[in-house]
Structures are given as C-alpha cells and as structure tokens.
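> any chance you can model this:
(chains A, B, C and D)
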There are 2 protein chains.
Amino acid sequence: MPPTRDNPPTNGRPTIREIAALAGVSTATVSRVVNRSGYVSQETRRAVERVVREHGYSANRSARGLSGGRTGLIGVTVPRIYPAYFSVIIAGVTEALYEQDMRIVLCPTLHEHDREVSLLERLMHGTTDGALLVLPEESSRELSALMDHGFRFVVVDPRKRMESPVPTVSAASSSGAAQATAHLLELGHRRIAAITGPRGWLATDERLRGYQASLAAAGVLPDPRLVIESNFEIDGGLAAATELLSRAERPTAIFAFNDQLALGAMQAARGLGLRVPDDVSIVGFDDTAEAQIVTPRLTTVRQPLAEIGRMSVSLLTRLLDGQRVEALHVELETTLILRDSTAVAG
Amino acid sequence: MPPTRDNPPTNGRPTIREIAALAGVSTATVSRVVNRSGYVSQETRRAVERVVREHGYSANRSARGLSGGRTGLIGVTVPRIYPAYFSVIIAGVTEALYEQDMRIVLCPTLHEHDREVSLLERLMHGTTDGALLVLPEESSRELSALMDHGFRFVVVDPRKRMESPVPTVSAASSSGAAQATAHLLELGHRRIAAITGPRGWLATDERLRGYQASLAAAGVLPDPRLVIESNFEIDGGLAAATELLSRAERPTAIFAFNDQLALGAMQAARGLGLRVPDDVSIVGFDDTAEAQIVTPRLTTVRQPLAEIGRMSVSLLTRLLDGQRVEALHVELETTLILRDSTAVAG
DNA sequence: AAACGGTAGGTTAGCGTTTACAGATCGTTC
DNA sequence: GAACGATCTGTAAACGCTAACCTACCGTTT
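Numbers count the residues shown, from 1 in each chain, chains lettered A, B, ... in the order given. The predicted model follows:
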C-alpha cells in the first residue's frame, strides 16, 4: 500500500514530533539530543535517547537539509569509476564519510567538461553540503570562482596546479618518481626511458621532475628522445613502449608514469619477445591491484589512495564546519614497492 | 563575490518564488511547468521556461523530497567498491541514472549485515526514492518484509534465490558455466576441477549446475573430489588450486567460478612450476578487466556487468513510477570469451 | 538583595517544494 | 440560457526539521 495522506500517523517511520511526544519533551529537545547541540540534562538526554533507539528514529535528511542544516550528503565527481585508481579513492572516501554518518553522491563525469560543470552547479545547491572533485577538468580559475560563490569543496589529485585558496590533496609525485628512477640507476641502468601522462598535468610534470632530478644526481645526461608523452592508459603504454623497444639502441629500463602504462609496456615487451626484467626493467606508479597480479609482479610506486580519500574527507569536513583550514595543499607520502619487474641492467 | 546580507534576494540560486515572480505567475504554475504535470497553456509554459533557462533554475532537491515528491536520489548498497566486478556494475548504474537526472548514493556494506540493515533503514526513508541492492546479505524473507513496508528496490545479483515479489537482475550463470565446461570438454579434458564460491550462494549453485550438466551431457562421471568450495577471492583460488594441482592425479583443467579465483589458480600453477595452458587449462567467470592483462590472457565467461547495472535502473524506475513490473526476475545472457588460458588436453 | 551568567527546555517561524482545492474562463450540450 | 466538462491558474496548507528567541530556574558574585 503506497503511503497517502489519509493514512496519517504511522505511514512509515516516526517523525521528530512523535518521538518528542513519546519522550514527553519538545521537538527542539529531541533535535538537540540527536544533534548534540545546546544544553540538555543527563536525564532528559537519556530518556530521549531511549525512545529514539526503541523506535529507530533518525532524522529525515530532506527536512534537515531544507531547514538550513546539512543534508549529510557529499558530492564526489570522478572521471570514471572503475580503473582501480579511482575506485580505491572512492572507497577511502565512503569509509571516512560513513563514520560521520554521511553519504556520498557519486557523479562520473566521463571526462566531459560540460557534464562536470552542470553537475557541480546542481550538486552544490540544495543537494549536497560540499564536494570532492577528483582530477577535475576545471581550471584553477574556474574553481576559484566557484569557491567565491560559496561552494565548499576539496580537489583530489589536481590535474593542474591550483591557486592557493583551493584546497587540494595529492601524493608526493616528484619524490616517488625520484625513488623509482634512483632504484633503476642503482641497478646499473643508464638508458632509462619514461612514458609520461599528458604534458601539463601536474602528475606528469612532477613525476618528470623527480625522474630528471634523480638522473642529474647520478650524473646521467637526460636524453629527450627517451621521454615519450602518452595518456595514462594501457594502449598508450603499449604503443609508446613498442616504439621505444624497437629502437636499435633500446632503453634497458622503462619508468611508466602509472600502472596502466606499465601494463601496456609489459605487453609491448612480450610482443617483441623481450623478457621482463631480464631484457628490460619496468617500473610503474600507483600500486593498484593490477600490479600484483601480472607476471612478473610489477615494481611500482605506491600512492596511499585510500588514505588520499580519507584525508580529503577530513579536509572537507573541517571546511564545512567553518574551521579555517591551515594546510591547504596536503601531499601524502609515496613509497617504492620492489617486486619482480626490475633487475640489474644486463 | 561571496553572498552577503546586503545582497538579499539572490544570495545563492533562485527559488521557485523568484522564478514565479519574474515570470509573472504563481509558484504552482512554475512547479507544473518544470514537472510537466497538470494543465499549463503553451504561452505560459514558454514564458516560464524562458525565465527558468535564463536564471538556471532547478528545484531544490531537499525541498522537493520533503514535500512528498521525489528526491531524485537512488541508494546503492554494494559489499565493496573496488573489485572491478562491482565498479563496473556501479558505472552502468550511474550512467543510466544520469540520463534521468538522478544521482546515486553509494553505500558499501563491507559485508556487514548490521551495517547493511541500518543503511537500508536510513536510506529508504527521506533520503532516497528507492535502492539497488547488489549482492545483499539479507534473506529473501527480510527483503520481502522491507517491500511490504513500502520500500522500493531491486536486487542485483541475488546471493540467495529470491521469492517472487522481490525483483532481481542477474546473469545466466548456469548457461555460462555450461559453456565453459563444454569448451574444456571439447578440448579433450576429462578431469575438470571446479573451484566454487560459497555453497548456498545462487551464483555458486547455478554455476555448479551448469558445470555438472555439461559433464553429464558428455558422459563424464562427476568426481566430487574435483569440486572445491572457496570464497570468490584470489587467495581462495590460490589455496584451492594449489591443493588440486599437487595431487598425484591432478586435473588437466580448472574451471574457477569467478576471475579472482582464476587469477589465484594461475598463481598456484606458476608456483608449482606448471605452465598455463600447456600443463593445465584455466577458465574464469565474469570477464573483468584483469582477465585481459594477465599472462596468459584468461579464457572466461563474460557477464554483461554494465548492462546489469543499467537494466536494474530501468526496473527500479518503472517500479518507482508505480508501473506494474512484469518481468520480476531478469537474467542477462553470458558468453564464453576464448583467450589463451585454455588448450587441448596434453 | 540585586544582578548576573550558566543551564534547561519550550514555542514557533521559516526552509522551498508539491498538491489539494477553489476560482475563472470558455466552448458545448441539453 | 442554464448546466456542464475541460482547461488554466492562483491560494495556501502541508512536508519534518532546525535554530532563533523566550522563559525559568539555579548558584555566585557584588
């Protein structure tokens, strides 16, 4: 039977008024108890809590949202859901939000700028309290404008460098890349190629910086022909590595700027009859689940993806509570994970 | 410019009242226009639509929700987010919902029954219009009770067989398993082991049925010792396959009931120095992204996961529109995908 | 003893929609 | 020409909650 208005009292869950009546207090008191705000005596609190528990009361989110309070909903925009890179971040986010009894409204943008903009507009008023933007398409300027409009959000893994007022969470790309490159150098490699993401992306530029820094520190002259720009996807890695490994003087190691690219590079090596790591060493970046299931298992730089998700929630909730957020740009540590795709230069 | 009090009317987005005033009509008329309900003349409609467009109006979801209308939010509970199996379903769901201007409220249950129940309770009243339950913990009886309570939901990939009134969407497990087994039989295999999921799960039982049916059709006596119960995870597959392949008379082929198990089985084979597919053929189930990146690429049964997501949205929206849903139990087709992990029995 | 600040809890006005309900106009039918 | 149904539009009452505002009762301080 669909609930109707002729079906007045118990047509679903209890309302705050019913709970108040049952507990013999006013609705305001119930509200104070469940929101832990204002003064309530021990006695009253306990009495109300008992009734709340017994009747399984929890506030109607729409009503709460309307009434100027919070909706308890956080918007999350991501380019896509299923490369593990994104899903692990999302998992971290939902986990952290769950603890605060908040929920996540998930919006994949499919890399479409328009879709993202309209989504943001919609999300930010009346639906959600704030948002997490993973790898957003928007320029720093557009995002600043949104902030000025009163939107509250945190940028996760910014695509471009953000101006100061926009809070961001990311991983120490440059340091991770430096570690990876140093590892290859220690193994005796000198012709170390890099398969990068799109130029101009922060992740690409930072990793490039780390790569070049390590090379320089070891006194190895960087060779621009060993750096190939790609797209962070398997196909791109396959194409780039095929090109690299077909050269007369081929690199003895490849540093792929994410695991997808590294997977493509491994396929390329296999396609050319080269053994990993005997003929060519390969290092990835991200440490997604794939890194452990391929053969050989991939040496890669771990980004604490779930932690990135949790940290951005923490930043956002502080932002929403009106606290001044000090650390606007949080950068989490990266670690090199040694597995089986790297070996001493042959 | 941040909204201030000196900036009274438009300190955010327009309300229906402002739009109504601008268009010279009542709020009721604006509501009728944007919801396409009731009678509105051509002229009025166009006038209102113009104002709506110019001011970028869209209804506040909380208010709409409160007022007895729809919130435009659909809850989705999943055990976890990141095995690709789930994320691809979620992707299909969001895609389908986006087209209807609806959003998804994502709730991972982490396989905790309690968490799931409380989540459902919360979700279903006041927050969302309905829900999609992926692989829910609840018994058919519990779910029936929820339906009687007026909750609207669709079960995706039911864990147990559901009683009739609960709508479900799943893939043709039994037929897929039959195809996989038949394929191995055609290759000359006779000792075909099965690594299953937990007994009692629909997916396990159905796949077992298909496996046994194909064996029977080929006149091969089923050997209960070749069937090992596991947990649908890599570790389980590793353990089960290690056991199977260490036997004196080891199976020449393994049918793993999902890709994770198959991945584990491949690791087991490698660990024992056996080559896939030369020494042992392996077939998986699901066709998640991993199947294509391992070496050798995994022969597996494809489930149309994104389509499962889209289909369940379609069922749910019909349910929400109050339409009588005819096909309560939808089963989508599965296809065997031949890759490199199977070969003629040696 | 007046004044005060801290604590406790009730009253009530919205929040932005949707939707009964009612009123108005018009063309048709009896 | 009255009655009627169809079409169009406005009025106003919810929806369930929060928070501002009040009142009232302490125990201290001046």
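> how about residue A:153, nearest residue that isn't a chain neighbour?
Spatial nearest neighbour of residue A:153, excluding adjacent residues (C-beta to C-beta, 6 or more residues apart in numbering or on different chains): residue A:131 at 4.2 Å. Every residue, glycine included, has its C-beta placed from N, CA and C.
> helices or strands up against the helix or strand hosting that neighbour?
According to DSSP states H and E, residue A:131 maps onto strand A:130-134. Other elements packing on strand A:130-134 under the criterion 3 or more C-beta pairs under 8 Å, 6 or more residues apart in numbering or on different chains; DSSP states H and E are strand A:73-78, helix A:84-99, helix A:113-124, strand A:153-156, helix A:305-320.
> 6 Å instead?
On a contact count with 3 or more C-beta pairs under 6 Å, 6 or more residues apart in numbering or on different chains; DSSP states H and E, strand A:130-134 meets strand A:73-78, strand A:153-156, helix A:305-320.
> mean confidence score for it?
Averaging pLDDT along strand A:130-134 yields 95.
> again, but for stretch A:279-294
Mean pLDDT, stretch A:279-294: 97.
> first-to-last residue distance for it?
Its first and final residues considered, stretch A:279-294 spans 17 Å by C-alpha to C-alpha, to the nearest Å.
> buried residues in it, which are they?
Using 16 or more other C-beta atoms under 10 Å in any protein chain shown as the burial criterion, the residues of stretch A:279-294 that qualify are A:280-291, A:293-294.
> now, which of those lie within helices?
Of these, the ones assigned to helices by DSSP state H are A:290-291, A:293.
> quick one: residues contacting residue A:64.
By C-beta atoms under 6 Å, 6 or more residues apart in numbering or on different chains, no residues touch residue A:64.
> what helix or strand is it on?
Using DSSP H and E, residue A:64 maps to helix A:61-66.
> now do residue A:238
Counting by DSSP H and E, residue A:238 is found in helix A:234-246.
> just residue A:34 next, same as before
Element membership of residue A:34, judged by DSSP H and E, is helix A:27-35.
> hmm, that helix touching chain B?
No. If you take C-beta under 6 Å from any C-beta of the partner chain as the test, helix A:27-35 misses chain B, and the best it gets is 12.9 Å.
> how far is that helix from where the chain is centred?
Centroid separation for helix A:27-35 versus its chain: 35 Å, with C-alpha atoms, centre = their mean, to the nearest Å.
> up against DNA strand C, what does chain A have?
Residues of chain A lying close to DNA strand C (C-beta under 7 Å from any atom of the strand) are A:5, A:24-29, A:38-45, A:63, A:66-68, A:126.
> what is the neighbour count of the nearest residue to residue A:232 once chain neighbours are set aside?
Leaving aside its chain neighbours, residue A:232 sits nearest to residue A:197 (4.5 Å; criterion: C-beta to C-beta, 6+ apart). By other C-beta atoms under 10 Å in any protein chain shown, the residues close to residue A:197 number 25.
> with residue A:114 instead?
For residue A:114, using other C-beta under 10 Å, the count is 9.
> do the same with residue A:242
16.
> do you know the pLDDT at the nearest residue to it once chain neighbours are set aside?
With sequence-adjacent residues excluded and distances taken as C-beta to C-beta, 6+ apart, residue A:242 is closest to residue A:268, at 4.3 Å. Model confidence at residue A:268, given as pLDDT, is 98.
> for stretch A:193-205, the distance to its chain's centre please.
18 Å.
> by proximity to DNA strand C, which residue of the stretch 201-346 of chain A wins?
Residue of the stretch 201-346 of chain A nearest DNA strand C, by C-beta to the nearest atom of the strand: residue A:320 (18.4 Å).
> cool, the stretch 151-300 of chain A as well?
Closest point on the stretch 151-300 of chain A to DNA strand C, by C-beta to the nearest atom of the strand, is residue A:151, at 16.1 Å.
> residue numbers of the stretch 51-200 of chain A in contact with DNA strand D?
Along the stretch 51-200 of chain A, the residues adjacent to DNA strand D under the rule C-beta under 7 Å from any atom of the strand are A:57, A:59-60, A:63-64, A:66-69.
> which of those residues lies closest to residue B:169?
residue A:60 (29.2 Å; C-beta to C-beta).
> give the buried residues for stretch A:230-247.
Buried-residue list, stretch A:230-247, by 16+ other C-beta under 10 Å: A:230-234, A:236-242, A:244-245.
> JSON lines for these, including pLDDT?
Formatted as JSON lines, those follow (pLDDT from 0 to 100):
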{"residue": "A:230", "pLDDT": "98"}
{"residue": "A:231", "pLDDT": "96"}
{"residue": "A:232", "pLDDT": "96"}
{"residue": "A:233", "pLDDT": "96"}
{"residue": "A:234", "pLDDT": "97"}
{"residue": "A:236", "pLDDT": "98"}
{"residue": "A:237", "pLDDT": "98"}
{"residue": "A:238", "pLDDT": "98"}
{"residue": "A:239", "pLDDT": "98"}
{"residue": "A:240", "pLDDT": "98"}
{"residue": "A:241", "pLDDT": "98"}
{"residue": "A:242", "pLDDT": "98"}
{"residue": "A:244", "pLDDT": "98"}
{"residue": "A:245", "pLDDT": "98"}
